[in-house]
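Peer 1: what follows is a predicted structure for the sequence shown.
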Amino acid sequence: MIYVMADIHGNEKRFDSVMDKIALTEEDTLYVLGDVIDRYPGGVRLLKRLLEMPNAKLLLGNHEHMMLECLFRHYDPDDPWSMEEKEKNFSRWYRNGGMVTKKSMLALPRRERFALLRAVRALPLCYDITVGGKAYKLVHAAPIEYYDEYSERYRDAEQFAVWMRYGRDFVPPWDYTLIFGHTPTDHYLPYKTLSIYYGDRMIGIDCGSGYPDPPDPEEEFYGRLACLRLDDMKEFYSEEENKEPS
Ligand SMILES: [Mn+2]
């Protein structure tokens, strides 16, 4: 069986809840479409667990990308490591919930930290798979080959692939089904309890595992971790208390 999840955001409780439900076997594959880290404090432990799982396949998310920009000095050897840029990178990462990850990373022995950063740097930006005769492309945010149309908005193709956000009325030019994370599905659906979003050749599976629990009273969106089994399109969600909107 083929399982897909995204944007765990350090939430071990939600991750373990979903793992209990799907009861992954050696024959199964679990795709995790990036953003394992940040917001909740369990991100680095989850990254290590997932990288050690022989049947888990990870993608780079914009949060891992931000971590590399801050902690991996050799991220881009052609780009001078100016203080200004370093500060900009760190403040953006902190604004996006990166402080907890930085703390866990700095608590690791240096050798282990760099081994982990190198493993993250090596993560791909997409997987092309076929399940039950149906073609899927798995990405964190967008298929990198469509960068040209958006090149004015992003520094480079990789930034585009991990940061792009599609609007509700976007009509995809591709013929496969894109499965993406990155944009929580309340961006597309009116439900307060986030659910997997099925659009035209687009399936959004970030159901807000990084959202606060209990929810921010201002926002009132109930985040959970979703997992989709592509063989039969069965949906799994982390167990939450009764959170249906009244
Ligand atoms: Mn993201």
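Peer 2: Great, that's in hand. Computed from a predicted model, the values in this text were never measured in an experiment.
Peer 1: C-alpha only now, for contacts and for neighbours.
Peer 2: Fine.
Peer 1: check whether the one helix or strand in the chain whose mean pLDDT sits lowest contacts the ion.
Peer 2: Here the helix or strand of the chain ranked lowest by mean pLDDT, DSSP states H and E is helix 83-95, holding a mean of 88. No. Against the ion, helix 83-95 shows no contacts by CA under 5 Å from the ion, the least distance being 11.9 Å.
Peer 1: that helix packs against which elements?
Peer 2: helix 62-71 (3 or more CA pairs under 8 Å, 6 or more residues apart in numbering; DSSP states H and E).
Peer 1: list the contacts of the helix it packs on.
Peer 2: 34-38, 75, 86, 89-90, 93, 96, 98, 102, 117, 120-121, 140, 159, 162-163 (CA atoms under 8 Å, 6 or more residues apart in numbering).
Peer 1: name the helix or strand for the residue in the chain that the ion sits nearest to, please.
Peer 2: Here the chain gets closest to the ion at one residue, residue 182, 3.5 Å apart by CA to the ion. Under the criterion of DSSP states H and E, residue 182 resides outside all helices and strands.
Peer 1: could I get the pLDDT score of the spatially closest residue to residue 113 that is not a sequence neighbour?
Peer 2: In this structure, residue 113 finds its nearest non-sequential neighbour in residue 105, 6.2 Å apart by CA to CA, 6 or more residues apart in numbering. For residue 105, the pLDDT comes out at 97.
Peer 1: all helices of this structure, in order?
Peer 2: Using DSSP state H, the helices of the chain run over residues 12-22, 43-52, 62-71, 83-95, 99-107, 110-121, 157-163.
Peer 1: tilt between the fifth one and helix 43-52?
Peer 2: Counting by axes from the mean of the first three to the mean of the last three CA atoms, to 10 degrees, helix 99-107 points 70 degrees away from the direction of helix 43-52.
Peer 1: go on, the third one?
Peer 2: Between helix 62-71 and helix 43-52, the angle comes out at 110 degrees (the same axes, to 10 degrees).
Peer 1: fine by me, we can end here.
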